[in-house]
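Colleague: Sharing a model that was predicted from the sequence below.
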Amino acid sequence: MFERLETLQDVLPHISYENGISVSDRGDFTVVNYQFTTDGTFANRIARECRGLKFDPDGWLIARPFHKFFNLGEKRPPEAEAWDSPHTVMDKLDGSMVHPCPVAGELRLMTRGGLSPQAMAAEQVASAGVLSLCCDMVAAGMTPVFEFTSPDHRIVLAYDRPDLTLLAVRDITTGDYLPQAELVALGTKYDVPIVQIFDGVADLKAFMAQARGLDGREGYVVAFASGERVKLKADAYVLRHKALSALSHEKNVLAMVTQQTVDDVLPLLAPDVAARLSAYADSVMRGLAAREAEIEAFVTSHAGLARKAFAQTVQAELDRRFHAVAFRRRDGTPVRAGLIEVLQRAAQSDTRVETLRDLIGTTWASDGLLGGSI
């Protein structure tokens, strides 16, 4: 099922940065990881392995986390999967994939991009059992894969405490995954929590409907005996994730304000993020109201001027960004409508947003909104 890999040279002929896969030399180790996706990014089986492969300075493979797998129905019809073969349905946790990697004589936890903030946070909470399991598996030529969930590294769903949950164990060279029974045995032996398991799929349509209707959970991963996997996310989770992704750029947030869709998004967000969005929207509307009053007073006070004199006065006395708003107000368009159009044009790029920072009255802080695996 999977390609045998031992060195960096086994991988390089099959990948390119043009297709989104980077090779990053970090000194003590090298990471091969996809940075963006195109139609050709995962065109071959070795490219599908490039989801955080780690190599030592001599080019030997030292960590092999999950291969790239896709959404159910993304690559082929859902019914084309091997449902009649043994398979395991697992809870899909909403955190960061973490795995151990030997670096410069010590074992470090990494996400697919390397020594990320999430990985270092996971190291701080890793139990003795997790560390022992990591040491023993790495010594045996295996890469255990965990999901790190934490209230301090929230993505969409909230977790009460930081945890490392064992998802899989993979042979570094062959890429084979340990059977579920062996995973359970490891969890018991090392006192490490393993991912929750559910009944297999008997009725595909019912399973898909049930998965998409989940609330408060991300969805499921189905692992087949071949090692292939597919994922299926709940509709509510996907919607919330899209909302958070949009909030990563201020231009999108400003567009929500100008299009009056903030109220539609708020119920999808965690309370702290919803409060942040509401505060931003309030600041924008206060700034808009203040500038609206100024322009309205300006137009009213010069209403008696002839059009040419009015134009000369606008040019001399009014902020050039709002000249068109004043002219349109003189012709009957409400000031607020004109200002909304100015904001909507600014919402086409984050750079344009900066040109109206004084009107907006605040800066959107996107930090901490999406803390996924990097």
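Modeller: On my side now, so go ahead.

Colleague: list the contacts for the residue nearest to Phe198 when sequence neighbours are not counted?
Modeller: Distance criterion C-beta to C-beta, 6 or more residues apart in numbering; nearest residue to Phe198, sequence neighbours excluded, is Val89 at 4.3 Å. Using the backbone N, CA and C atoms, a C-beta is placed for each residue, glycine as well. Each residue near Val89 by C-beta atoms under 8 Å, 6 or more residues apart in numbering is listed here: 197-201, 207, 220-222.

Colleague: The strand or helix carrying Val89 pairs with which strands, parallel or anti?
Modeller: Using DSSP states H and E, Val89 sits within strand 87-92. With DSSP bridges as the test, strand 87-92 is paired with strand 197-198 (antiparallel), strand 219-224 (antiparallel).

Colleague: circling back to that earlier point, and which of the contacts of Val89 is nearest to Trp60?
Modeller: Of all the contacts of Val89, Trp60 sits closest to Val221, with 29.4 Å by C-beta to C-beta.

Colleague: Touching, that closest one and Arg229? I think so.
Modeller: Yes. Taking C-beta atoms under 8 Å as the definition, Val221 is a contact partner of Arg229 at 5.8 Å.

Colleague: Mind listing the shared neighbours of those two?
Modeller: The contact sets of Val221 and Arg229 overlap at Phe69 (C-beta under 8 Å, 6+ apart).

Colleague: From the contact counts, what lies against whichever helix in the chain runs longest?
Modeller: Under DSSP state H, the helix in the chain containing the largest number of residues is helix 271-301. On a contact count with 3 or more C-beta pairs under 8 Å, 6 or more residues apart in numbering; DSSP states H and E, helix 271-301 meets helix 250-258, helix 262-265, helix 323-330, helix 335-346, helix 357-360.

Colleague: Let me know how buried the closest residue to Ile340 other than its chain neighbours is, in neighbour terms.
Modeller: Sequence neighbours aside, Thr258 is the residue nearest to Ile340 in space, at 5.4 Å (criterion: C-beta to C-beta, 6+ apart). Close neighbours of Thr258, defined as other C-beta atoms under 10 Å, add up to 20.

Colleague: what does Pro78 give?
Modeller: What Pro78 shows, counting by other C-beta under 10 Å, is a neighbour count of 17.

Colleague: Next: the one 4 residues further on.
Modeller: Using other C-beta under 10 Å, Ala82 is surrounded by 12 other residues.

Colleague: Next one: Glu74 from Val230, what distance?
Modeller: 8 Å (C-beta to C-beta, to the nearest Å).

Colleague: the more surrounded of these two?
Modeller: More crowded of Glu74 and Val230, by other C-beta under 10 Å: Val230, with 20 against 10.

Colleague: what residues are up against that one?
Modeller: So Val230 contacts 69-72, 81, 221-222 (C-beta under 8 Å, 6+ apart).

Colleague: Kindly report the same for Ser278.
Modeller: 262, 266.

Colleague: if we can go back for a sec, point out the least confident one among the contacts of Val89.
Modeller: Note: of the contacts of Val89, the lowest pLDDT belongs to Asp199, at 90.

Colleague: Could you pull up the contacting residues of that residue?
Modeller: Counting by C-beta under 8 Å, 6+ apart, Asp199 makes contact with Val89.

Colleague: Going forward, count from 236.
Modeller: Fine by me, first position is 236 from now on; the one you just mentioned is Asp434.

Colleague: Over to it: give its phi and psi.
Modeller: Taking degrees, to the nearest 10, you get phi -60, psi 150 for the backbone angles of Asp434.

Colleague: same deal with Thr265?
Modeller: phi -120, psi 140.

Colleague: residues near it, how many?
Modeller: If you count neighbours by other C-beta under 10 Å, Thr265 ends up with 19.

Colleague: I'd like to know how far it sits from His388.
Modeller: Separation of Thr265 from His388 (C-beta to C-beta) stands at 25 Å.

Colleague: Using CSV, write down the CA coordinates of the helix-or-strand element of the chain with minimal mean pLDDT.
Modeller: When the helices and strands of the chain are scored by mean pLDDT, DSSP states H and E, helix 497-500 comes last with a mean of 81. Extracted in CSV, the C-alpha atoms of helix 497-500 (Å, rounded to 0.1, in the frame of the first residue of the first chain):
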residue,chain,number,x,y,z
VAL,A,497,-21.9,39.9,11.5
ASP,A,498,-25.1,38.7,13.3
ASP,A,499,-25.1,35.6,11.1
VAL,A,500,-21.5,34.7,12.0
